[in-house]
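Engineer: when you get a sec, could you give me coordinates for this:
(chains A and B)
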Amino acid sequence: MAEAQVVESGGTSGTSGAVDTRTIGAPVLAVENIVVKFGGVTAINDVSFDVRKGEIRAIIGPNGAGKSSMLNVLNGFYKPRSGQIKFAGKTFPSMDPYYAASNGIARTFQNIALFRGMSTLDNLMTGRLLKMKSNFFWQCLYFGPAQKEELENRAHVERVIDFLEIQPIRRTPVGRLPYGLQKRVELGRALAMDPDILLLDEPMAGMNVEEKEDMSRFIMDVNEEFGTTVILIEHDMGVVMDLSDRVVVLDYGSKIADGTPDEVRANQNVIDAYLGVSHD
Amino acid sequence: MLYRETGQFKRNYAADQQLFPIFQDKILLAAILVVALAIIPFAINDYWSKAILLPFMVYALVALGLNILVGYCGQISLGTGGFMAVGAYSSYKLCTAFPELNLIFVILFSGGCTAAVGVLFGLPSLRIKGFYLAVATLAAQFFLIWMFNKVPWFYNYEMSQITAPPREVFGFLVSGPQAEPAAQYLFVLGFIIVFTWVALNLVRGRIGRSWMSIRDMDIAAELLGIRPLQTKLLAFAVSSFYIGMGGAIIFHIWLGTVEATEAFDILQSFFVLFAIIIGGLGSVLGSFLGAAFMALMPVGLKVVLVDWIGMVPVTAKHIEFMLVGSLIIFFLIKEPHGLARMWQITKEKLRLWPFPY
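Structural biologist: Alright, predicted model coming up:
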């Protein structure tokens, strides 16, 4: 772990020029030959890629390319027709949502999927649910083990709240928050799960430049400070190219490119998919 | 001026997470408890007990149960009357089969029986949602009432009407025609206090959050590792437990004699559902306010119209129907989130009063 002890670059690290102190490890999650079909529509056609520990892996592609479907396969919401998922040293034909959640895969959604009637604090505490084990009896009394674990998890959630700078909205029902903050709370709920792998489905959709910068900073900080592996779907190419270590490009459900941002940017297939090809 | 939390600092999370973090709320609660425990038992008479306090308390308990299911877990149920009947009939069976069994345990066990039945009828909730689930629970309502009328075992092969035998708790007669109003009142009040406290604990902890997450966004909840089936069934179980206890108390303490078709018909289900909608879905306080509104408003109107204004009782009854109906509409337009939300807004305004900002 020698690389991990490199001196901190001091202050906030910019996107370029800063010392990269992260260690990128072996692949922790891989999909092989995944096929997802809805009736006659093939959403994902024979896609394979891997994700290494500690990296930021972006999935890009035009609308309807199958990006969100891919995330849904990764955390078990969709069951692929064929193919396999390798995770935590095991191979699965499909993922189980409970297994994924309890083994450190957390995600956010393209359309905000917060618990609207609950406060920010309760939303984040719900992210800690799997860490809470006290039985029904103690829950009824809110005493003993139940209270102890409430307080421990509250302390943890408060660290996430500090990290995301959302202290003032702790008690506000999230339905009342503006869009940008809701996105941030949703990231918070995923972070409260202590994830090893974070799946972010368009975390910056619909945000202004300032909010995008904030969100980018949070994603980089999560990745650097906690060593969390991030899988990111995003349409803003500036963000994708700056943040990610490697990029997968999907188009019509198939993988058309895979590599570092620079490689992908130069790939003719990608350029064709985004800009179109002349058919003469 | 009075309701101000300035200077009430919380120094640790335990202090911040207590049930009533604001000092003024504690005083209000203490005052209510003093009145309920130390003043009412000495002032109570048969009319106050049977017409006002007991209906309010049992409907509050039942509404609380339904609110756990509908308000907190988001599963609509129209089977409340049927589940109350399960509570009443199982308490009758327990009471007659084990005459020595303390009535407290009879009521707790009949709550348990109802919880089991509730889980059974909650099974479809994994597949169907919203109005469709409401229709499925409607089946529970009709089936259960039909069963209690048709299977003689439930009413011990006598008349289909069941009558509560006299029972003593701690030496006081609480059920049967000779029961003391004060003893009955305190008996029910004990249940109310304990199980309100339990409900408050459940909804603010892990279990309550898992219920609310299923209610607000079940897909996200599932991906956070919440198991939808277990969570929904637990809500059905806890809710039916409360409703069953309510049914048992209605039978033993309040009415004394019940007949399934009359006492626990579909109108009861609607009555309790309206109570929690008016009181406030997803609020323990709302269950009490809603029960008070639905159970006490007609009594109050009758007192005003007949006793004060001197109207003919039949006319008063019709005016009462119209008034209650229009008041329900008024409150729902004024505050769709119920009386509990209104109370919350009042408290927020009081915080700034008398300054507007």
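
Engineer: tell me the gap between stretch B:295-307 and the middle of its chain.
Structural biologist: Its chain's C-alpha centre and that of stretch B:295-307 lie 21 Å apart, by C-alpha atoms, centre = their mean, to the nearest Å.

Engineer: mean confidence for that stretch?
Structural biologist: Computed over stretch B:295-307, the mean pLDDT rounds to 86.

Engineer: just the CA trace of that stretch, in CSV.
Structural biologist: What follows is stretch B:295-307, C-alpha atoms only, in CSV (Å, rounded to 0.1, in the frame of the first residue of the first chain):
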residue,chain,number,x,y,z
ALA,B,295,-66.8,10.0,17.4
LEU,B,296,-67.4,13.2,19.4
MET,B,297,-68.6,15.6,16.8
PRO,B,298,-72.1,14.0,16.5
VAL,B,299,-72.4,13.9,20.3
GLY,B,300,-71.4,17.5,20.5
LEU,B,301,-73.8,18.6,17.8
LYS,B,302,-76.6,16.7,19.4
VAL,B,303,-76.0,18.4,22.7
VAL,B,304,-76.0,21.9,21.1
LEU,B,305,-79.0,21.3,18.8
VAL,B,306,-81.3,19.4,21.1
ASP,B,307,-80.3,20.4,24.6
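
Engineer: in that stretch, what counts as buried?
Structural biologist: Using 16 or more other C-beta atoms under 10 Å in any protein chain shown as the burial criterion, the residues of stretch B:295-307 that qualify are B:295, B:296, B:297, B:298, B:301, B:302, B:305, B:306. Quick note: C-beta positions are derived from backbone N, CA and C, even for glycine.

Engineer: the last one against residue B:313, yeah?
Structural biologist: Yes - proximity of residue B:306 to residue B:313 meets the contact threshold set by C-beta atoms under 8 Å, at 5.6 Å.

Engineer: out of the buried residues of stretch B:295-307, which sit inside helices?
Structural biologist: B:295, B:296, B:297, B:298, B:301, B:302 (DSSP state H).

Engineer: now narrow these to whatever sits close to chain A.
Structural biologist: For chain A, no contacts are drawn from those by C-beta under 8 Å from any C-beta of the partner chain.

Engineer: next helix or strand past the top helix by length along chain B?
Structural biologist: Secondary structure of chain B per DSSP H: the longest helix is helix B:181-204. Once the chain leaves helix B:181-204, the next helix or strand it forms, by DSSP states H and E, is helix B:206-216.

Engineer: what does the stretch 201-350 of chain B put close to chain A?
Structural biologist: B:201-202, B:204-207, B:209-210, B:212-213, B:215-217, B:219-227, B:234, B:282.

Engineer: quick one: low-confidence parts of the stretch 1-150 of chain A?
Structural biologist: Within the stretch 1-150 of chain A, the segments meeting pLDDT under 70 span A:1-19.

Engineer: where along it do the helices fall?
Structural biologist: A:67-74, A:97-102, A:120-127, A:136-141, A:145-164 (DSSP state H, counting those that start in this stretch).

Engineer: closest one to residue B:54 among these?
Structural biologist: helix A:136-141 (25.3 Å; C-beta to C-beta).

Engineer: which of the three states applies to whichever residue of the stretch 151-300 of chain B sits closest to chain A?
Structural biologist: Going by C-beta to the nearest C-beta, chain A is nearest to residue B:225 of the stretch 151-300 of chain B, at 3.2 Å. Following DSSP: H, G, I helix; E, B strand; the rest coil, we place residue B:225 in the coil state.
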